[in-house]
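> With the input below, show me the fold.
(chains A and B, ligands or ions: 2)
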Amino acid sequence: MIGENAKRIDAFDKSQGIAKYGGDTVPKDTLWLRPVLSPVARANLLGIDKSTALSIPGVVGVITGSDFPGEHKRGAQIKDNMILPTERLNYKGEMVAVVVAESRQAAEAGVAAVVLDYEELPPVLSVEEALAKNAPRVHPDSDNLVDVMKLRRGDFERAAAEADLIVENRYRTPRIEHSYMEPDACYAAMEGDRIIVYSEIQDTYYLINSLSSHLGLPQERICVRHPNVGGAFGGKTDYYFEPFVALATYLYGRPALMRLTRREVFLITYKRQPADIVYTTAVRKDGTILGVKANILCDNGAYSFSAPAICKRMVVHGAGCYVVDNVDIELKLVYTNNTPTSAMRGYGTPQINFALESQLDQVAEALKIDPLELRRKNCLKVGSRTITGQLLDSSVGLSSCLDALDEWRKNNPLDEAPVGYSRGRGLACMYFGIGKTGRVDPATVRLEYNNGKLTVFSSVTEIGQGCCQAMLQIAAHAMNMPLKDITLVWADSDTCPDAGITSASRITYTAGRALEEGCQKLKKQLSSADFNPDRTYMVEHTFIPDKPPLEKDTNYGSPYPEYAFAVQLADVEVNKLTGEVRLLRVVAAHDVGRAINKQMVKGQIEGGICMGAGYALSENYLEARTVSFHEYIIPTAVDVPEMISIIIEDPAASGPYGAKGVGEPALVATASAIVNAVNKAVGVRLKELPITAERVYFAMKKAQSGKGGE
Amino acid sequence: MIVEFTVNGKTERLEVSPTETLVHILREKLYLTGTKEGCGQGDCGACSVWFNGKIVNSCLIWAGKLQDANIVTIEGLGSLTALHPIQECFIEAGAIQCGYCTPGMIMAVYALLKENPDPDEKEIRTAISGNLCRCTGYNVIIEAVKKAAEYFKEHREVSL
Ligand code: FES
Ligand code: FES
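Numbers count the residues shown, from 1 in each chain, chains lettered A, B, ... in the order given. Ligands and ions are numbered 1, 2, ... in the order given. A predicted model of the protein is given here:
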């Protein structure tokens, strides 16, 4: 079963259009909720006049922040956010009030009729502005610095003094919208005196706790069920409007539905944080990395969500998958009046990967070393220590990935480009720690076995990635049972124990391991002497990955139980006249520990490459300006390259049958590899993503006029 | 206004407002929620349906255009007991992850194969280039379409 390409259990319903997603349930008496958005980036909110809206036929109510009976503050890590603002508006597109109505049309008319009384203030729209002396404070009770994180090891200055070559550059990455195809939706209905919330959140129990606190109701009164989720990519790790939908249902005793429009998804929801990185790499003539230094500025946006945890991961991954003894990394996370930033596939690592992998190619070029050999020389191996001091004692498949790609490129040299074009081949490596950074994140499963049938209960979230299928295959393998005799219940908080958050590429690893171990326990019971075939056997099992927290000030420690590794190679063709980059192919070698279902692993890798290609070439969220798919450009079927996945299996000792995660690793190195390939093709070094045709064109022009690519 | 049209072979007579779009009528009045709305403005193809012999974005079709229209949605392909061969091929190829783009994608492929039973790769890519997918990276979908085309070539007795 492990490794088999069994058909996904959810594919049948999805192919027929009968699978229900968040916005698909609309009984006749449903109340429609629509948000009123802030038209400005920063203002004092003086009042919200609901009266005209309430006089519109069909408008039932207007929810504002003060309507919440319980806790008004929110924030996964810092409570700097309000459920709905009552005093200040902090970004353009922020939800201010929610109209509740009998129909979509009435709700929309209501939105247009709500009058916001506010006093506009000069906004802080960039990190530079926010850090300037006398800058206005985004949050009056705190300065604009959300957090400063440091990781120092050895002595970078000494390393730099001893180095034969120092490369220093500044890199910038854009704000990225997840662009899951399904606009966020939530539906709720009463069952007796309980509120049933159909939410697409990637963390069931976090939502229950939050709803209970905002609504001032005991947790038993709330149940979270999951519809199918039309993609998430980190964008649904936190909640937006579930509290409004739950409150409307509770207040009016009727089903309630809220569904964002695409424009609202762009305006309201958090993005991948832009980073501004000054990176210095010090090396010896032979290519040995002696030290790295990075000064990173990250735009937190108006509210913090999970940005602090993301930045911590960025710092911890700050030297890449290499042995580096002298490290000096500092990151500042800064409040601005931009859209909040939080979790998105890669969780802080794509930004830093772009900087450090671009650096390595410049080192390779200066020292005339093959880029792959340079990486091989420095790469982490079994027995190496990461920059947090963690000893890697097994499952470090990076060298195997490099070997595989080396072999591939030898057998597949890049063809000559047609006249007017130039081709180039580039590569980049990455590693990714599985699970939350240095935080306890257990997963629990419950097993019920009766008469040849097994039911598995666990609150994992199927967001499209296929974790449910992976869970089923793990159970089938462990129990040696056919798939058809196993049922997985994941979508109901009443029956499913807490699997923790479905993010950080942790769910197959953590919940899968809990399942594997739970099955072993169950098997013992089933093989005992007093086994009774009529009895139902039950096992509840929790797996807690071993990862002590990082030391507070130094960030030293062993924050992840396992790491995934990958190397990706990109072939590009650049139009020498226009600067347009065409991606010909990406070859991706990924150490996934063990592939539970190869087809699904390949699916993750290819989807990640596609998203990475968008990051490299076209995607750039401009505040409140690129609010549709004709302004915010994601790859289509005609843009994607040939993709070749090479799956390396270097089993993880603590993973289910050796599996680690692959969801996020799939995307992390792609943009870096593409940018390195463009450099090989036309000799210019692009340091800001995305590398649109204009940017490449102007860089080429500048290079021709003799000033070097910038 | 009252309009009469056919969806998946069934005649529907409905009171609609002229400013409503087909995607909302399908989803909210006829409860055919297989047709998805990903953008509501013609950018993503999630709402693709077969409309008077052509593939359209149903979010761009106003109610006023519905009189006498003949519409096929994803619910009109295959049955609960037997999948349509295109659906089969999508599953086989691993072309479905979150599945939100899938109904629209399958309808676009249906339209393509009806018009051009033997498309080359470029034609397939172009035909679905108006259908965004954020999960799969598209290549497995292309594989699925090739398989489906192959299937229909081998089974000429099966009509699309
Ligand atoms: S919903 Fe119609 S094209 Fe996107
Ligand atoms: S499968 Fe998720 S958008 Fe295509």
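> Next up, the contacts around the one residue sitting closest to the centre of chain B.
The centre of chain B sits closest to residue B:107, judged by C-alpha atoms, centre = their mean, with a distance of 2.3 Å. Going by C-beta atoms under 8 Å, 6 or more residues apart in numbering or on different chains, residue B:107 touches B:48-50, B:55, B:72-74, B:77. Where you see a C-beta, it was placed from the backbone N, CA and C, and this is true even at glycine.
> Reformat these as a markdown table; add pLDDT.
Formatted as a markdown table, the contacts of residue B:107 follow (pLDDT from 0 to 100):
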| residue | pLDDT |
| --- | --- |
| B:48 | 98 |
| B:49 | 98 |
| B:50 | 97 |
| B:55 | 97 |
| B:72 | 97 |
| B:73 | 98 |
| B:74 | 98 |
| B:77 | 95 |
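> Mind giving me the PyMOL select for the residues you listed, buried ones only?
To isolate the buried ones among these in PyMOL, judged by 16 or more other C-beta atoms under 10 Å in any protein chain shown, type:
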select buried, chain B and resi 48+49+50+55+72+73+74+77
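> now the contacts of residue B:107 in a markdown table, with distance to residue B:111?
Formatted as a markdown table, these follow (distance: C-beta to C-beta, whole Å):
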| residue | distance to residue B:111 |
| --- | --- |
| B:48 | 8 |
| B:49 | 10 |
| B:50 | 6 |
| B:55 | 4 |
| B:72 | 9 |
| B:73 | 12 |
| B:74 | 12 |
| B:77 | 11 |
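> contacts with chain A among the contacts of residue B:107, please.
B:73-74, B:77 (C-beta under 8 Å from any C-beta of the partner chain).
> and which of these is nearest chain A?
Nearest to chain A among the ones next to chain A among the contacts of residue B:107 is residue B:74, at 3.5 Å by C-beta to the nearest C-beta.
> my guess is the closest one meets residue B:34, correct?
Yes. Contact criterion C-beta atoms under 8 Å: residue B:74 and residue B:34 qualify, at 4.0 Å.
> rewinding a little: out of the contacts of residue B:107, which comes closest to residue A:525?
Within the contacts of residue B:107, distances to residue A:525 taken as C-beta to C-beta reach their minimum at residue B:74, with 44.6 Å.
> for ligand 2, what are the nearby residues on the stretch 201-350 of chain A?
residue A:231 (C-beta under 6 Å from any ligand atom).
> picking that back up, please flag which of the contacts of residue B:107 sit within strands.
Residues of the contacts of residue B:107 located in strands (DSSP state E): B:48-50, B:55, B:72.
> which one of these is nearest ligand 2?
In terms of C-beta to the nearest ligand atom, no member of these lies closer to ligand 2 than residue B:48, at 12.7 Å.
> Grab the nearest non-local neighbour of the closest one.
Spatial nearest neighbour of residue B:48, excluding adjacent residues (C-beta to C-beta, 6 or more residues apart in numbering or on different chains): residue B:104 at 3.9 Å.
> and what of residue A:378?
Taking C-beta to C-beta, 6+ apart, and ignoring the residues beside it in sequence, residue A:378 has residue A:322 as its nearest neighbour in space, at 4.1 Å.
> where does chain A have low pLDDT?
A:707-710 (pLDDT under 70).
> how's it carved up into domains?
With domains defined by automatic domain parsing, chain A comprises A:15-122+A:184-259, A:275-436+A:553-707, A:442-543.
> now the end-to-end length of the first one.
Right, the one you point to is domain A:15-122+A:184-259. 23 Å (C-alpha to C-alpha, to the nearest Å).
> Ok, the last one next?
Distance across domain A:442-543, first residue to last, is 6 Å (C-alpha to C-alpha).
> Ok, stretch B:3-14 next?
Start and end residues of stretch B:3-14 are separated by 5 Å (C-alpha to C-alpha).
> can you pull out the helices in chain B?
Secondary structure of chain B (DSSP state H): helices located at B:22-24, B:85-93, B:102-115, B:121-127, B:139-154.
> Quick check: buried residues in the third one?
Neighbour counts over helix B:102-115 (16+ other C-beta under 10 Å) mark B:102-113 as buried.
> nearest to ligand 1, of the ones in strands among the contacts of residue B:107?
Nearest to ligand 1 among the ones in strands among the contacts of residue B:107 is residue B:48, at 7.4 Å by C-beta to the nearest ligand atom.
> Isn't the closest one up against residue B:56?
Yes. Look at residue B:48 against residue B:56 with C-beta under 8 Å: they come within range, at 7.1 Å.
> What number of neighbouring residues does residue B:99 come out with?
Using other C-beta atoms under 10 Å in any protein chain shown, residue B:99 has 31 neighbouring residues.
> what sits against it?
By C-beta under 8 Å, 6+ apart, the contact list for residue B:99 reads A:10-11, A:13-15, A:19, A:228, A:230, A:464.
> who's in contact with residue 48?
All of this refers to chain A. A:62, A:64, A:96-97, A:114-117.
> oops, chain B please
B:35, B:55-58, B:103-105, B:107-108, B:111, B:130-131.
> is it in a bridge, and if so with what?
Beta-bridge pairing of residue B:48 under DSSP bridges involves residue B:57.
> Check residue B:2 too.
residue B:15.
> was I right about it contacting residue B:18?
No. Judged on C-beta under 8 Å, residue B:2 makes no contact with residue B:18 at a distance of 11.3 Å.
> Mind checking which of those two has more residues around it?
Taking other C-beta under 10 Å, residue B:2 and residue B:18 do not tie; residue B:18 has more neighbours (11 against 8).
> I'd say that one and residue B:64 touch.
Yes. In this structure, residue B:18 is within contact of residue B:64 by C-beta under 8 Å, at 4.8 Å.
> and chain B, what are its domains?
Taking automatic domain parsing as the reference, chain B has its domains at B:2-76, B:85-155.
> joint contacts of residue B:74 and residue B:34?
If you check residue B:74 and residue B:34 against C-beta under 8 Å, 6+ apart, the residues they both contact are A:16-17, B:103.
> so which helix or strand takes in residue A:328?
Taking DSSP states H and E as the criterion, residue A:328 maps to strand A:326-335.
> Who are the packing partners of that strand?
In terms of contacts (3 or more C-beta pairs under 8 Å, 6 or more residues apart in numbering or on different chains; DSSP states H and E), strand A:326-335 is packed against helix A:127-131, strand A:145-153, helix A:156-162, strand A:289-301, helix A:307-316.
> Let's see the shortest one as PDB, backbone CA atoms only.
What follows is the C-alpha trace of helix A:127-131 in PDB, where atoms were taken according to Å, rounded to 0.1, in the frame of the first residue of the first chain:
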ATOM      1  CA  VAL A 127       9.000  49.200   5.900                       C
ATOM      2  CA  GLU A 128      11.300  52.200   5.400                       C
ATOM      3  CA  GLU A 129       8.600  54.700   6.300                       C
ATOM      4  CA  ALA A 130       7.600  52.600   9.200                       C
ATOM      5  CA  LEU A 131      11.100  52.500  10.700                       C
END
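> Pull out the buried positions in that helix.
Neighbour counts over helix A:127-131 (16+ other C-beta under 10 Å) mark A:127, A:129-131 as buried.
> which residues sit against it?
Outside helix A:127-131, the residues that touch it by C-beta under 8 Å, 6+ apart are A:124, A:135, A:138, A:144-145, A:276, A:297-299, A:332, A:334-336.
> Which member of those residues is positioned nearest residue A:58?
residue A:138 (37.3 Å).
> My guess is that closest one contacts residue A:89. True?
No. Between residue A:138 and residue A:89 there is no contact under C-beta under 8 Å: 11.1 Å.
> Overlap in contacts, those two.
Contact criterion C-beta under 8 Å, 6+ apart; residues shared by residue A:138 and residue A:89: residue A:42.
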